[in-house]
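Engineer: Need coordinates for the following:
(one chain, ligands or ions: 2)
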Amino acid sequence: MEAKKFNVFVIGSGIAGQTVATSCAKAGLKVAIADKRAFGGTCANRGCDPKKVLLAATEALQQTAQLKGIGLEGKMEINWKKLQKFKRTFTKSVPKATEKKLLEAGITLYHQSPKFLDRNTLSVEGKMIKADHIVIATGLEPVNLPINGSKHLNTSDDFLNLKTLPEKLVFIGGGYVGMEFAHIAARAGAKVTVIDSGDLPLKGFDQDLVERLVAYSKTLGIEFIMNAKASTIKKLKKNYKVYYKQGDKKHHLKTAMVFNTAGRVPALKALDLEKGRVDFNANGIEVNTFLQSKSNDLVYACGDVADSNLPLTPLSGREGYVVAENIIRNRKKRIDVPVIPSAVFTLPNLASVGYSEEEAKKRYKNVIVKSGDASSWFNAKRWNAPVYAYKILLNERTGEIVGAHLLGPDAGETINTFALAINHKMTEDDLQGTIFSYPSWVYDTKSMV
Ligand SMILES: Cc1cc2nc3c(=O)[nH]c(=O)nc-3n(C[C@H](O)[C@H](O)[C@H](O)COP(=O)(O)OP(=O)(O)OC[C@H]3O[C@@H](n4cnc5c(N)ncnc54)[C@H](O)[C@@H]3O)c2cc1C
Ligand SMILES: NC(=O)c1ccc[n+]([C@@H]2O[C@H](COP(=O)([O-])OP(=O)(O)OC[C@H]3O[C@@H](n4cnc5c(N)ncnc54)[C@H](O)[C@@H]3O)[C@@H](O)[C@H]2O)c1
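Structural biologist: Ligands and ions are numbered 1, 2, ... in the order given. Prediction:
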């Protein structure tokens with residue numbers, strides 16, 4: 001069989017893959033892209049964007065509840081069916097619109113998982129393909145939870161597409177996905193349980209703030225079963241029984257649905273990477289600072305599937321751009337990542353940028369920790385917001401802000417001010433010297449430092 005030839009073959013049509021494909025096509029290269037699912041990737045189809053649409057209704061509900069009796073009257077509730085219909089107005093058009101954009105850029109599309117045959121040869125849709133460069137941008141997929149009855153587990157995709165919200169749900173794993181969904185489901189009226197193997201959920205975040213978030217989440221009716229691992233899921237007539245182990249003790253609970261939110265792993269299984277001599281580890285494809293495979297220099301990897309950075313949308317886009325630059329301009333651009341803000345969109349948001357307290361204390365001789373409860377500050381009071389707290393870390397020698405951790409309304413927005421401050425090595429004085437609009441959440445950053 002004669003091979004079809006491309007300059008660049010991209011696997012995966014999320015933000016990373018699309019960025020590489022369109023940039024290379026614009027530069028005049030012959031490009032193809034393959035996806036085994038609907039085009040457009042996780043964020044737009046079944047991740048950040050649909051989640052935030054569902055979240056908007058719960059945000060409005062939360063604010064209404066906070067002001068009830070002090071200026072607002074009446075009852076508001078979530079109509080899950082209508083909310084899902086609204087969400088679909090965002091997601092439905094994504095695959096077609098993505099394909100149209102790629103086709104208009106002159107890119108050839110494939111709708112199957114390719115497999116490596118050798119270092120730069122793939123097979124897809126029964127064709128053999130040779131490419132000067134192959135780019136792997138396949139993202140992450142839910143981890144396989146090796147428990148009895150795992151076939152009864154649902155994924156984040158299933159949650160985001162629930163036609164009706166069951167009365168009771170269990171999330172196995174209290175990370176980003178488990179916690180965000182727990183908050184959405186609890187506010188929409190479900191009884192939620194989070195089972196997690198750690199002492200606290202949201203491991204990477206400031207644990208003092210996580211403790212406050214957990215305490216508040218309990219007031220929403222969310223139950224936390226910590227230091228526990230699910231072992232078996234049994235189907236009953238209508239419901240499911242989830243058996244879990246906490247220490248030496250076995251327990252069980254009854255629920256209508258169980259979700260696997262125990263983490264996501266690189267989507268690599270289908271690619272036959274060994275034949276392509278592409279090395280990988282548990283965090284993804286092993287890449288150098290050019291995002292080139294360490295073991296096969298014809299291959300690049302970017303986005304969540306590369307072992308380079310945190311799996312977040314803005315980074316995936318940045319990495320796609322770097323890979324395109326390296327293909328177009330022959331390996332000139334190293335990945336250079338500024339500090340990365342990240343937010344858990346629970347209500348209140350938990351957001352973080354820069355060093356944790358522990359990391360800062362390891363890195364600098366003297367660290368000033370400014371932390372406190374801000375629920376009595378004007379902004380929180382005017383919304384009657386129940387939780388507002390912060391922890392800001394400063395390098396005492398230079399006065400530079402080196403870490404910021406926020407828990408409160410709109411913390412996912414406010415954290416960006418700290419990202420800017422840390423990236424530009426701003427000090428406490430620099431922040432105090434900046435004029436921000438008043439009254440605003442960002443104005444509060446002055447009081448925090
Ligand atoms: C529920 C949820 C909520 C999230 N919320 C946020 C958020 O609020 N903010 C944020 O920054 N990030 C969030 N993320 C993470 C974000 O979605 C990812 O970081 C981002 O989508 C990664 O982009 P990517 O292009 O690397 O991969 P993806 O968007 O995952 O795209 C990879 C593509 O590759 C395809 N693919 C996989 N295997 C193959 C194969 N063998 N052959 C062909 N195609 C294949 C997939 O179908 C997919 O379309 C969320 C993730 C989830 C699951
Ligand atoms: N707002 C956002 O930016 C956002 C939202 C969703 C996802 N994401 C991205 O997606 C990635 C994956 O998120 P995630 O929530 O799926 O994973 P995660 O790694 O954040 O959390 C997984 C949780 O599951 C627990 N766990 C693991 N195995 C378990 C077991 N056997 N039993 C019980 N608990 C177990 C862990 O202790 C952890 O708390 C994140 O790292 C993030 O980068 C980002």
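Engineer: alpha carbons only for contacts and neighbour counts from here, please
Structural biologist: Noted.
Engineer: Quick one: name the residues of the stretch 51-200 of the chain near ligand 2.
Structural biologist: 172, 173, 174, 175, 176, 177, 178, 195, 196, 197, 198 (CA under 6 Å from any ligand atom).
Engineer: Among those residues, name the ones in helices.
Structural biologist: Using DSSP state H, the members of those that fall within helices are 176, 177, 178.
Engineer: Quick check: buried residues in stretch 420-433?
Structural biologist: Within stretch 420-433, the residues that qualify as buried are 421, 422, 426, 427, 428, 431, counting by 16 or more other CA atoms under 10 Å.
Engineer: repeat for stretch 389-403
Structural biologist: Neighbour counts over stretch 389-403 (16+ other CA under 10 Å) mark 389, 390, 391, 392, 393, 394, 395, 399, 400, 401, 402, 403 as buried.
Engineer: go on, stretch 73-84?
Structural biologist: Neighbour counts using 16+ other CA under 10 Å place 80, 83, 84 of stretch 73-84 among the buried residues.
Engineer: go on, stretch 359-375?
Structural biologist: Buried residues in stretch 359-375, counting neighbours by 16+ other CA under 10 Å, are found at 360, 361, 367, 368, 369, 371, 374, 375.
Engineer: Where does the fifth one fall, secondary structure wise?
Structural biologist: Taking DSSP states H and E as the definition, one finds residue 369 inside strand 367-373.
Engineer: tell me which element residue 390 falls in.
Structural biologist: According to DSSP H and E, residue 390 maps onto strand 389-395.
Engineer: Export that strand to CSV, keeping only CA atoms.
Structural biologist: Taking Å, rounded to 0.1, in the frame of the first residue of the first chain, the C-alpha atoms of strand 389-395 are listed here in CSV:
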residue,chain,number,x,y,z
ALA,A,389,-10.4,33.6,53.5
TYR,A,390,-6.8,34.0,52.1
LYS,A,391,-3.2,33.2,52.5
ILE,A,392,-0.6,35.3,50.8
LEU,A,393,3.2,34.5,50.9
LEU,A,394,5.9,37.1,50.6
ASN,A,395,9.7,36.7,50.4
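Engineer: got a list of contacts for it?
Structural biologist: Residues external to strand 389-395 that are found in contact with it (CA atoms under 8 Å, 6 or more residues apart in numbering): 209, 355, 357, 360, 364, 366-375, 400-408, 428, 448-449.
Engineer: try 6 Å this time
Structural biologist: Where contact means CA atoms under 6 Å, 6 or more residues apart in numbering, the residues beyond strand 389-395 that reach it are 367-374, 400-407.
Engineer: still on that earlier bit, give me the subset of the buried residues of stretch 73-84 lying in helices.
Structural biologist: Going by DSSP H, the helices hold 80, 83, 84 from the buried residues of stretch 73-84.
Engineer: would CSV of the residues you listed with pLDDT and distance to residue 67 be doable?
Structural biologist: As requested, those are arranged in CSV below (pLDDT from 0 to 100; distance: CA to CA, whole Å):
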residue, pLDDT, distance to residue 67
80, 97, 23
83, 97, 22
84, 98, 26
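Engineer: so which of the residues you listed comes closest to ligand 2?
Structural biologist: Of all these, the one sitting nearest ligand 2 is residue 84; the distance, using CA to the nearest ligand atom, is 18.6 Å.
Engineer: how far away is the closest one from residue 164?
Structural biologist: In this structure, residue 84 lies at 9 Å from residue 164, with CA to CA, to the nearest Å as the measure.
Engineer: quick one on the thing from earlier: the ones in helices among the residues of the stretch 51-200 of the chain next to ligand 2 also near ligand 1: which ones?
Structural biologist: Of these, the ones that also sit near ligand 1 (CA under 6 Å from any ligand atom) are residue 177.
Engineer: Am I right that residue 351 sits in a strand?
Structural biologist: Yes: Residue 351 sits within a strand when classified using DSSP: H, G, I helix; E, B strand; the rest coil.
Engineer: That one contacts residue 343, correct?
Structural biologist: Yes: using CA atoms under 6 Å, residue 351 is in contact with residue 343, at 4.1 Å.
Engineer: Comparing the two, which shows the higher neighbour count?
Structural biologist: Each of residue 351 and residue 343 has its neighbours counted (other CA atoms under 10 Å); residue 351 has more, 27 against 21.
Engineer: Report the contact partners of that one.
Structural biologist: With contact taken as CA under 6 Å, 6+ apart, residue 351 is in contact with 342, 343, 405, 406, 411, 412.
Engineer: quick one: the residue nearest to residue 138 when sequence neighbours are not counted and residue 134, what's the gap?
Structural biologist: The spatial neighbour of residue 138 that comes closest, neighbours along the chain excluded (CA to CA, 6 or more residues apart in numbering), is residue 12 at 4.6 Å. When CA to CA is applied, the distance between residue 12 and residue 134 equals 11 Å.
Engineer: With neighbour numbers in mind, choose between those two.
Structural biologist: It is residue 12, of residue 12 and residue 134, that has more neighbours when counted by other CA under 10 Å, with 30 against 27.
Engineer: Can you name the residues that contact residue 77?
Structural biologist: By CA under 6 Å, 6+ apart, residue 77 has no neighbours at all.
Engineer: And for residue 266?
Structural biologist: Contact analysis of residue 266 by CA under 6 Å, 6+ apart lists 140, 284, 305.
Engineer: which residues touch the closest residue to the last one other than its chain neighbours?
Structural biologist: Which is residue 305. In space, and not counting its chain neighbours, residue 305 is closest to residue 139: 4.6 Å by CA to CA, 6+ apart. Residues near residue 139 by CA under 6 Å, 6+ apart: 267, 304, 305.
Engineer: Overlap in contacts, residue 351 and residue 343.
Structural biologist: Residues touching both residue 351 and residue 343 by CA under 6 Å, 6+ apart: residue 412.
Engineer: about what we covered before: okay, and which of the contacts of residue 266 map to helices?
Structural biologist: Filtering the contacts of residue 266 for helices - DSSP H - leaves nothing at all.
Engineer: since we're on residue 382, how many residues are nearby?
Structural biologist: Using other CA under 10 Å: residue 382 sits among 11 other residues.
Engineer: and if you look at residue 378?
Structural biologist: Around residue 378 sit 14 other residues, with neighbours defined as other CA under 10 Å.
Engineer: Ok, the one 5 residues further on next?
Structural biologist: Here the number of neighbours of residue 383 (other CA under 10 Å) works out to 13.
Engineer: Could you do the one 3 residues further on as well?
Structural biologist: Taking other CA under 10 Å as the neighbour definition, residue 386 ends up with a count of 15.
Engineer: On the pLDDT front, check it for me.
Structural biologist: Residue 386 is assigned 96 on the pLDDT scale.
Engineer: One more: residue 449?
Structural biologist: Among the per-residue scores, residue 449 shows a pLDDT of 96.
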